[in-house]
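# here is the input, now give the coordinates:
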Amino acid sequence: MNPVLRPLAARYAEWLHLPAAEAADVSDEQPDQVRAMPVILRFEKADPPGRTPLLEAAAAAAVAVCLDERAVAEDGEWHEAVNAWIDGRIRKVSRRARGAHWEAVQELPGITVEVGGAQARALVPGRVVDNPKVVSRLQVSGSELASDEPGPVPDGVPVLYLNPAAGMTVGKAAAQVGHGTMILASLLGDDDLGGWAKRDFRCAVRIPDATTWNALHPGADPGLAWRERGVVAVRDAGFTEVAPGTVTVLAQWFPAGQGSV
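Just a heads-up that it's a prediction; the model follows:
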């Protein structure tokens with residue numbers, strides 16, 4: 001297990017079992033200390049991305065930042081910022097950019113991933129109040145992408161299933177699939193994690209039917225779901241779009257699918 005993500009693994013089962021109201025409780029936070037990872041989605045007017053590849057790019061970029069050597073090494077330039085964020089709530093804020101604004105965020109610390117012509121850049125997390133102007137001026141909402149038909153899941157990649165009843169915008173979904181890849185990575189052994197890193201943390205994002213979703217759902221025993229089916233769940237605090245406690249994503253580790261919570 002990677003030490004950077006160890007605090008997330010330790011909190012995983014507890015978070016799933018919180019009452020819905022407590023999932024949204026931020027009474028222990030100081031507003032000026034709230035930390036988040038900006039996830040920048042490229043939206044060009046003339047050539048908008050596909051919805052599924054954009055989400056897959058965002059999911060890979062988020063975990064890539066956390067497991068980059070600059071974050072993992074104790075003397076790495078990202079280490080302190082990433083550790084401080086993971087020790088608290090792993091908030092992500094998706095924003096959209098195009099043209100010169102997209103080029104400007106490439107100068108900020110982070111990692112850009114491209115999938116099928118779609119691009120997303122996850123930035124090193126920090127205090128929201130310290131966001132550079134080039135980030136804070138980007139819009140959080142206002143763009144949506146049509147549903148697409150992504151086709152069969154490629155062999156050897158984890159799958160992130162979006163809750164078919166949640167109806168999330170592309171920005172909300174981008175943050176949620178990023179949570180999913182991070183939780184998966186926090187529970188994997190070194191061999192599986194190393195193999196995934198060699199594939200640039202690629203994954204598949206799909207919307208299942210209700211029967212598949214219900215069959216995968218961990219229910220009251222997340223440990224059993226992980227051990228038997230390689231499934232972890234993302235449970236949202238409910239600050240935007242969905243109710244507190246909503247499971248937004250089920251992430252399934254197909255290459256190995258073994259481990260313990």
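# biggest strand in this structure by residues?
Criterion DSSP state E: the longest strand present in the chain is strand 35-42.
# now for that one, which elements pack on it?
Secondary-structure packing of strand 35-42 (3 or more CB pairs under 8 Å, 6 or more residues apart in numbering; DSSP states H and E): helix 51-67, helix 79-86, strand 92-97, helix 99-105, strand 118-123, strand 126-127, helix 170-187. In short, each C-beta sits where N, CA and C put it, glycine included.
# got a list of what the nearest residue to R127 once chain neighbours are set aside touches?
Using CB to CB, 6 or more residues apart in numbering and skipping the chain neighbours, the partner closest in space to R127 is R35 (5.5 Å). By CB atoms under 8 Å, 6 or more residues apart in numbering, the residues touching R35 are A84, W85, G88, R89, R91, P125, G126, R127, V128.
# quick check, nearest of those residues to T52?
Lowest distance from T52 to these (CB to CB) belongs to R91, with 23.7 Å.
# relative to A10, how far out is the closest one?
Using CB to CB, to the nearest Å, we find R91 at a distance of 18 Å from A10.
# out of those two, which sits in the busier spot?
Higher neighbour count among R91 and A10: R91, with 16 against 12, using other CB atoms under 10 Å.
# before we move on, the earlier item: of the contacts of R35, grab the buried ones for PyMOL.
Applying 16 or more other CB atoms under 10 Å to the contacts of R35 leaves a buried subset, and the PyMOL line that selects it is:
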select buried, resi 85+88+91+125+126+128
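# now the two most distant members of the contacts of R35.
Farthest-apart pair in the contacts of R35 is R89 and G126; separation 13.8 Å (CB to CB).
# re the thing from before, okay if I get the helices and strands packed on strand 35-42 as TSV plus distance to S27 and mean pLDDT?
Formatted as TSV, those follow (distance: least, CB to CB, whole Å; pLDDT from 0 to 100):
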stretch	distance to S27	mean pLDDT
helix 51-67	27	98
helix 79-86	20	96
strand 92-97	21	96
helix 99-105	33	97
strand 118-123	28	98
strand 126-127	19	96
helix 170-187	22	96
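# do you know how far A84 is from P7?
Note on A84: its distance to P7, by CB to CB, is 11 Å.
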